[in-house]
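J.: Could you look at this predicted model? Sequence included:
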Amino acid sequence: MLLIACPWCGERDETEYHYGGQAHVAHPADPAALTDAEWGEYLFVRANPKGDFAERWLHSAGCRRWFNVVRHTVTHDITAVYPAGQARPDAHTEVTA
Amino acid sequence: MTADSLAADNRAVDRLAHLRRSPLGGLADRLAAGSAPGPRGVRLREIPYLAQLNLRLDPIGPAARRVAEALGTPLPDRTASVTVTGALRVLWLGPDEWLVVGPDGTAPGVEQTLRQVLGDEPGSLVDLSANRTTLELSGPSARAVLEHGCSLDLHPRAFGPGHCAQTTVSKVQVILDQTDAEPTYRLLVRASFARYLADWLLDAMSESTP
Amino acid sequence: MSNRLPTGGRVDRSAPLRFTFDGVEYTGLRGDTLASALLANGVLTVGPSLYRERPRGIVTAGVDDPHALVQLERPHSEPMQLATTVELCDGLAAISLQGRGRLDEAPDEARYDKSYLHSDVLVVGGGPAGLAAALTAGRSGARVVLVDDQPELGGALLGGGREAIDGRPALTWVAEVRAELDAQPETRVLTRATAIGYHDQNYVLVAERRPDLPGGGGRLWHFRARQVVLATGAHERPLVFAGNDRPGVMSAAAVRSYLNRHAVLPGRRAVVFTTGDSAYATALELAAAGAAVPALVDTRPEPPAALVEAAGAAGIEVLTGSVVVGTEGEARLTGVRISALADDGSELTGPVRELACDLLAVCGGWSPAVHLWSMSRGTVRYDEQLAAFVPDSAAQAVRAVGSGRGRHDLAGCLSEGLTAGAEAATAAGFPVTAPVVPSCSGDEQPAPPRPVWLVPGEEGDPSTWRDHFVDAQRDATVADVHRAIRAGMRSVEHIKRYTTIGTAHDQGKSCGVAAIGVIAQLLGARSPGDVGTTTYRGPYVPVSFALLAGRERGPLFDPVRTTPVHPWHVRRGAVFENVGQWQRPHYYPRPGEDMDTAVWRECRAAREGVAMMDASTLGKIDVVGPDAGVFLDRLYTNGFAKLPVGSARYGVMCRADGMVFDDGVTVRLAPEHYYLTTTTGNAAAVLDWMEEWLQTEWPELRVRCTSVTEQWTTVAVVGPRSREVLAALAPGLDVSNEAFPFMTVRHTELANGVPARICRISFSGELAYEINVASWYGLAVWEAVLAYGAHAGITPYGTETMHVLRAEKGYPIVGQDTDGTVTPQDLGMAWIVARHKDFVGKRSFDRPDTSRADRKHLVGLLPVDRSELLPEGAQLVAPGADLAAVPVDPLGHVTSSYRSAALGRTFALALVRGGRDRIGDTVLAPLADGRTITATITEPVLFDPKGTRRDG
Amino acid sequence: MPDQLPEHPDWLWRTPDPKPSYDVVVVGAGGHGLATAHYLARNHGITNVAVLERGWLAGGNMARNTTIIRSNYLCEESAAIYEHALKLWEGLPEELEYDFLFSQRGVLNLAHTLQDVREGRRRVGANRLGGVDAEWLDPDEVRAFCPIVNTSPDVRHPVLGATLQPRAGIAKHDHVAWALARKADSHGVDLIQNCEVTGFVRDSHGAVVGVETSRGRIAAGRVALAAAGHTSTLTDLLGLRLPLQSHPLQALVSELLEPVHPTVVMSNHVHVYVSQAHKGELVMGAGIDSYNGYGQRGSFHQIEHQMAAALELFPIFARAHVLRTWGGIVDVTPDASPIIGPTPVENLYLNCGWGTGGFKATPASGWVYADTIAHGRPHPLAAPFGLERFTTGALIDEHGAAAVAH
Ligand SMILES: Cc1cc2nc3c(=O)[nH]c(=O)nc-3n(C[C@H](O)[C@H](O)[C@H](O)COP(=O)(O)OP(=O)(O)OC[C@H]3O[C@@H](n4cnc5c(N)ncnc54)[C@H](O)[C@@H]3O)c2cc1C
Ligand SMILES: NC(=O)c1ccc[n+]([C@@H]2O[C@H](COP(=O)([O-])OP(=O)(O)OC[C@H]3O[C@@H](n4cnc5c(N)ncnc54)[C@H](O)[C@@H]3O)[C@@H](O)[C@H]2O)c1
Ligand SMILES: Cc1cc2nc3c(=O)[nH]c(=O)nc-3n(C[C@H](O)[C@H](O)[C@H](O)COP(=O)(O)O)c2cc1C
Ligand SMILES: [Zn+2]
């Protein structure tokens, strides 16, 4: 049971949230301009690092806001929490060991 | 304008009162029977038909100021959580979202006033009075009962009168509003989940009541 | 025969308790465990071993016992209980087991509870170290919780006797600390509470036993702690020698605990076998209690002189540099064989000496209970001096203290506890300093042990040592370990799995590290540290499924959602269907009707007269704001921005991959206010979906979405006579086709005064209305509709009839006629896919596979035999397909299938490969019973294809 | 006296040092990597093969799965490959000369809603057309087949029926791995443990010609990934992005119990899957954790929910005890189907994405992968499972069949 601090509501149990996968994946501005391969990549391919991962969570049982979290996928240590739309605060490169 | 004058008109409700059924109307006796007095006691009852208006707007825009004036209190932020103005309680639900809770019958008046002060600023005001009902859990063991199914820190150092939170109790989402230090909590719950929550609370209360 | 000592112990001699074991009656005392009571009655043997059926006895006095498993029958039935942890109560009945428990079919009546608690400092373990930690932390004013798995606090001190603190018996200090903790307003003490798991973000689960409750239920505590102190003590290790599993071979600390805590003398003539100091106390106290102690066998060539002297003074011969190499006896130990051991431990030296005894108290060293520490992801390292794995670096806000980190003297344990308590409280924001460590005696820092991992057998080599038990519960021996290694295994994880060592009920609590020692020795490793441990996993002790399930069982397993009309449905005898968490009327049988007859009747009412249904479970969302239309345009395949105020439109939503996700009707109530409906099962998902796009992709759109599902009760009134019912129900409303046309919405007050929002929409092809009222009035309005429709024979109908009616019209149900792989075009709804705007999923339609011509299309099916009903889910194949020649190429499958009153026949909807190009063809549906049904492919709209009926 | 488990063979495998070069380097000594090595040797005569394993052999998901074997998948492509596996399983103990306790005790997939019933019947029909044994059972037949399932109509999610695949069952996971390892070793394959692949060696054209490992550089004619949850960490090193997400999946066992549960029961709706292993422990899987994770542990509420769900279906389990819980790292694809085949990087092959259900596929996975590697083109059974499907949209959507997996 992860403990995640919603930027608006504070620390809550994981079960109050809904996971949203990788953060900062923008919907292409003009999908029609993409090749099938590029569109397929947008649809299906997401980073899957072993290490720090910028990901989205929705506080579905609370304020219902989406926000971003930088979490280490091995230790589950959370090093940043920031509202949707903000840039990732740290400059870590993702470790893939 | 005072908040109470906002909340005055409830004639329509009186006229239709005999047609209304609250989600837990049939359960009043069981709720009472599950309650117990005493130094380790806990009570549960439904407060049906509370007016509930969901308000969404930019918290720092001009409409927010106008709303504050009309209500006679600033809209609460997270740290303030709840502000009380006359008979109304304004609950912080999110960075741009509040729930104005008032006595039975006050929704139309409050809605009308708020709609006026909102003007054409983009926001939303939705009457949810019938969407949820309210369970009130009170008494010396009320906190312990909630703690059987709520993972929030409800210790007085962390949560007390004037605090509200959207969270889950057992498998149900609720808006939790602590109204006094006894403690007394209101649990605002969607109508279709009310029965489950009531059953669950009654079961959890049997841990506390002798 | 009674082994109960006349005085002493923490048992209540005034309260004899009756109990039975394997059907024989005994008495014990309050304060006993089942094991101590059995020992008091001279019963040592508990049950044969799993595979080899060797007699086995009680070994320890706690959670680490490898054998003492019993089946509890009273006060409640429960398999695989450790006699060493079962508290004795009057009337208890238990039977022995052979390594496997038996589940009882009788329902479990016990109560199970959960609780969530937050604390600043959580202390696990109520021995001296944990008590000291809780004491200082509690003095800071922090919220402190102390949990201990025993019925009383004191830890190892409960089994001691000679320990003193501040010159008084240590248990006096314990009582004083307990009193102070109880007086601290923010400190809470839980006994009989075992920490079973330590998870991320200082989340600790604690299982509390509640033997006071009928049925022996329990409570699972969920703790979030800012700081944790682990003071979990240490487990005494067994030694691996021939015949080490014989009943009568016990842990030396356990023997001491039975003596001092339960006033039970487990043997009359005892030999003690140790690798370190701690068992000397056992020997001395045994002797003091009246047992003969002919010898103490110490592996160390030169044990501390003071200890040897004290033993000598008590008449105990100390055999140094020696080991027990074998045991005698059948069901019970009758003697041991002792030999000297070479300095390097590799061989026995000198003659074997036999000594008669009925008890062998063994101390193979101490293993700190690092389980929770390890589960918290703290690392452990092997300490050569202590010959133990000890906590190394922490991964969370946790400290380990006392013998749980290898500190084996009382003063040291207290000192570490006091300091850790202060540090933890301070770190949690409640600064406090540790008090001075009180003076201690009777439990001094031990001299270094001499670990002996494997006592050589008197003959043969490790491959033949089949009575050297490593994990006796699994009957796994040195020969088994040897065999695994000889087969090529090198990793401790492989050897664990090959031999099953450490996988039994005790999860290797006592034998785990001993096994690592044996493995190290057989691998020729330098030290057990080079072999390493296996992974410690929760739960620390086995916990019942029911405890983990908690109170969310039976009626509380999953919320049942119902509408305000539900009581009426129940009264009316509806048969219900689960749709998501909702319970919806499936149909309303009249007396004597089966489902087909009832549905036939309900359908006819809707097509020929008037019928009504509770549609309140539809998801409903208010979409408000200047950009609401633009927003809906981006989500739906068709357009909503230009929808006139007061009008309604059907829409389909796709996922980004182009597959249909949801559908429903949306009404524009005001220029900036839409009211959107979703399918019952998708309500939450659609709202989430909308908010996700709004918040994460299009935050510039000024739109707000609010779920109003339960604000509104929706009553659908359907059928040619629905208009006349509505006219009566809503006298103020002009219900004429001109004034209230199809796909529009009106607001009115019903005859009973209730304000209503009425939409003229149809999911049946008939003239129909959906009346929405504030849900408080839902039941009253339902009853009003019923009353106003009575003269027209208004008939309530359920979901089955709804499905038939819509299927006759070819309307798909998302989730039934689609399965996440179906596009709007596949459904024959190309018309709803806008060409001149973008929307979520549009790009996906151009992918090679989604634009294939021979995708599966939704079509109608008419069985050639008009009365034959195709089973839903049935597969379809081409006529002439050879069903025996598997694999047979499938064409598609039946998604919906019904008997139609309106058509006077059966029909179905199906997804068929290239179906729209096969209209008029026949297909075969092979059935499970070997028959096949032949059907003709048709357009999906079978009833009123021109849509003439919807205006009444 | 309770059954003794069968004796293991006296000899399993060597512990060789890596050679400088191999014809094929398989990365990952899970079931799939080992089966691949075995069939490279057995079917294609390719024996100059190393299987590199970062930890101990078969210590990944192979050591952690709930051992359910079945082939009753919905899509034809899936049913074909899983059925190929099941046929291989039926001969595997003999082929490998190792009794790994393959037990065809049947698998029930319960239906609790009308929609479940439709889907169940659909799958039964599809399976029969595909040559996979499948039956539909009504609640009474369910009770007859597995008497401890609560088939009372009065429960929250009543059992409305079930599909039964009689030939499905379980096998002892570790022993399967060791059987494959032993055979591969006896063919001359080098099984190299504690050897983590940390990079790839590429020639001037970008083709992979070897791997960097924690035990030095190893040249390879072909490199075949079989690293399950870790696959994308490897392909990231090559700039090859994959539609894979690694999630925790947990399981647990009870203490040993006398036989109570004669078959395997799965319920997508209530989230249960459980069997009773030969020793007597109940083996049970929990739900997949929503978030990505490489920690071989998940969140405990999954276990709590799993227990509540289990008791709904099996009230008799109330007093069984959880002895041990653990987690694995499963690599999940968007359509819940695996990815098998060549990649855009020359000499690099991919076999991953088996997610929550690849144990049952082990022999077929190895079979088709070995064939694919040997011939440099997809085996016909693997062809639909290529990476291209994420571009064309020709997904093989098994979410329905795999909802709780296995
Ligand atoms: C709890 C659980 C329950 C499951 N239940 C079932 C079930 O009932 N039925 C079923 O069919 N399937 C089940 N599965 C899924 C099944 O276990 C997997 O799909 C399957 O084991 C994956 O294939 P594998 O055996 O080759 O993977 P693994 O055993 O995970 O093998 C991959 C190997 O690659 C190694 N590796 C990774 N990176 C490197 C590197 N850089 N260098 C060298 N080596 C590396 C890993 O250490 C690992 O040993 C379950 C999985 C889990 C976790
Ligand atoms: N002479 C020696 O070699 C030797 C060896 C070991 C211990 N000792 C003595 O024993 C004492 C040890 O003190 P201590 O406080 O470190 O340990 P302790 O053994 O006295 O106390 C630990 C307590 O924690 C409880 N516990 C363990 N795991 C738990 C869990 N998961 N959940 C709940 N409770 C749990 C135990 O039941 C016990 O009550 C000291 O007096 C020490 O000198 C001496
Ligand atoms: C089918 C199966 C049965 C198991 N049975 C037991 C068992 O009886 N006792 C036990 O301690 N562990 C059992 N385990 C779990 C293993 O001990 C171990 O937890 C698992 O292989 C994961 O490894 P890890 O915990 O070392 O990370 C079993 C695992 C599986 C997959
Ligand atoms: Zn929040």
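T.: Looks like it came in fine. Ligands and ions are numbered 1, 2, ... in the order given.

J.: And the strands in chain A?
T.: Secondary structure of chain A (DSSP state E): strands at A:3-6, A:10-13, A:18-22, A:52-58, A:66-72, A:78-83.

J.: Of the ones you listed, which is nearest ligand 2?
T.: The minimum distance between ligand 2 and the strands of chain A falls on strand A:3-6, with 21.1 Å, by Cβ to the nearest ligand atom. All C-beta atoms are positioned from the backbone trio N, CA, C, and that covers glycine.

J.: Against which helices or strands is that closest one packed?
T.: For strand A:3-6, the contact count by 3 or more Cβ pairs under 8 Å, 6 or more residues apart in numbering or on different chains; DSSP states H and E identifies strand A:10-13, strand A:78-83 as packing neighbours.

J.: closest to C:Asp627 out of the strands of chain A?
T.: For those, proximity to C:Asp627 was assessed by Cβ to Cβ; strand A:66-72 is nearest, at 18.1 Å.

J.: for the closest one, packing partners?
T.: Other helices and strands packing on strand A:66-72, by 3+ Cβ pairs under 8 Å, 6+ apart, are strand A:52-58, strand A:78-83.

J.: Skipping adjacent residues, who's closest to the residue of chain B found nearest ligand 1 in space?
T.: As assessed by Cβ to the nearest ligand atom, ligand 1 sits closest to B:Lys171 within chain B, at 24.2 Å. Leaving aside its sequence neighbours, B:Lys171 sits nearest to C:Pro559 (Cβ to Cβ, 6 or more residues apart in numbering or on different chains; 5.8 Å).

J.: How about C:Asn202?
T.: C:Asn202 sits nearest to C:Ala225 (Cβ to Cβ, 6+ apart), 4.8 Å away.

J.: for the helix or strand that neighbour falls within, the distance to its chain's centre please.
T.: Per DSSP states H and E: C:Ala225 is located in strand C:218-230. Relative to its parent chain, strand C:218-230 has a centroid offset of 17 Å by Cα atoms, centre = their mean, to the nearest Å.

J.: swap in stretch C:215-232?
T.: Distance of stretch C:215-232 from its chain centroid, counting by Cα atoms, centre = their mean, is 16 Å.

J.: about what we covered before: and the residue of chain B closest to ligand 1, how close does it get to C:Ala156?
T.: Between B:Lys171 and C:Ala156 the distance is 42 Å, computed by Cβ to Cβ, to the nearest Å.

J.: Who has more neighbours out of the two?
T.: Using other Cβ atoms under 10 Å in any protein chain shown as the criterion, B:Lys171 and C:Ala156 rank with C:Ala156 on top: 23 against 18.

J.: For the more buried one, give me its contacts.
T.: C:127-128, C:233, C:253, C:403 (Cβ atoms under 8 Å, 6 or more residues apart in numbering or on different chains).

J.: out of those, which is most surrounded?
T.: C:Pro128 (35 neighbours).

J.: Need phi/psi at that residue.
T.: Per-residue torsions, C:Pro128: phi -60, psi -40 (degrees, to the nearest 10).

J.: so what's residue 58 up against?
T.: Going with chain A. Applying Cβ under 8 Å, 6+ apart, one finds that A:Leu58 lies in contact with A:17-18, A:20, A:64-67, C:688, C:691-692.

J.: look at chain D instead
T.: Residues in contact with D:Ala58, defined by Cβ under 8 Å, 6+ apart, are D:29-31, D:34, D:174, D:177-178, D:181.

J.: Okay, it and ligand 3: tell me how far apart.
T.: 10 Å (Cβ to the nearest ligand atom, to the nearest Å).

J.: same deal with C:Leu903?
T.: According to Cβ to the nearest ligand atom, C:Leu903 and ligand 3 sit 53 Å apart.

J.: hang on, the residue nearest to C:Asn202 packs against C:Val204?
T.: Yes. Judged on Cβ atoms under 8 Å, C:Ala225 makes contact with C:Val204 at a distance of 6.3 Å.

J.: what touches both of these two?
T.: C:Leu122.

J.: helix/strand/coil for C:Ser896?
T.: At C:Ser896 the chain is in strand, as set by DSSP: H, G, I helix; E, B strand; the rest coil.

J.: May I see the contacts of C:Ala156 arranged in a markdown table, with distance to ligand 4 and secondary structure as well?
T.: Shown next, in a markdown table, are the contacts of C:Ala156 (distance: Cβ to the ion, whole Å; DSSP: H, G, I helix; E, B strand; the rest coil):
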| residue | distance to ligand 4 | secondary structure |
| --- | --- | --- |
| C:Gly127 | 41 | coil |
| C:Pro128 | 43 | helix |
| C:Gly233 | 41 | coil |
| C:Ala253 | 51 | helix |
| C:Ser403 | 43 | helix |
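
J.: Compute the number of surrounding residues for C:Ala411.
T.: Per other Cβ under 10 Å, the neighbour tally for C:Ala411 reads 18.

J.: same thing with C:Gly592?
T.: 7.

J.: swap in C:Phe907?
T.: Neighbours of C:Phe907 under the rule other Cβ under 10 Å: 26.

J.: Neighbouring strands - and their directions - for the host helix or strand of it?
T.: Per DSSP H and E: C:Phe907 is located in strand C:905-913. Partners of strand C:905-913 in the sheet, by DSSP bridges, are strand C:856-863 (antiparallel), strand C:892-900 (antiparallel).

J.: So which elements touch the next helix or strand after that strand?
T.: Toward the C-terminus, strand C:905-913 is succeeded by strand C:922-926 as the next helix or strand (DSSP H and E). Applying 3+ Cβ pairs under 8 Å, 6+ apart, one finds that strand C:922-926 makes contact with strand C:875-876, strand C:932-938, helix D:114-129.

J.: CA-only coordinates of the longest helix anywhere in chain B in PDB, if you can.
T.: Counting by DSSP state H, the longest helix found in chain B is helix B:191-208. Listed in PDB are the C-alpha atoms of helix B:191-208, where the atom choice follows Å, rounded to 0.1, in the frame of the first residue of the first chain:
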ATOM      1  CA  ALA B 191     -27.400   7.600  -2.400                       C
ATOM      2  CA  SER B 192     -26.800   4.200  -4.000                       C
ATOM      3  CA  PHE B 193     -24.000   3.400  -1.600                       C
ATOM      4  CA  ALA B 194     -25.700   4.700   1.500                       C
ATOM      5  CA  ARG B 195     -27.300   1.400   2.400                       C
ATOM      6  CA  TYR B 196     -24.000  -0.400   2.300                       C
ATOM      7  CA  LEU B 197     -22.200   2.300   4.300                       C
ATOM      8  CA  ALA B 198     -24.900   2.200   6.900                       C
ATOM      9  CA  ASP B 199     -24.700  -1.600   7.200                       C
ATOM     10  CA  TRP B 200     -21.000  -1.400   7.400                       C
ATOM     11  CA  LEU B 201     -21.000   1.300  10.100                       C
ATOM     12  CA  LEU B 202     -23.600  -0.700  12.100                       C
ATOM     13  CA  ASP B 203     -21.300  -3.700  11.900                       C
ATOM     14  CA  ALA B 204     -18.300  -1.700  12.900                       C
ATOM     15  CA  MET B 205     -20.100  -0.100  15.700                       C
ATOM     16  CA  SER B 206     -20.800  -3.400  17.200                       C
ATOM     17  CA  GLU B 207     -17.000  -3.400  18.000                       C
ATOM     18  CA  SER B 208     -17.400  -0.400  20.200                       C
END
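
J.: Identify each buried residue in it, please.
T.: Within helix B:191-208, the residues that count as buried by 16 or more other Cβ atoms under 10 Å in any protein chain shown are B:191-205, B:207-208.

J.: Then stretch C:436-456?
T.: Buried residues in stretch C:436-456, defined by neighbour count with 16+ other Cβ under 10 Å: C:437-438, C:440, C:443, C:446, C:449-456.

J.: can it be found next to ligand 2?
T.: Yes. Stretch C:436-456 lies within reach of ligand 2 by Cβ under 6 Å from any ligand atom, at C:443, C:446.
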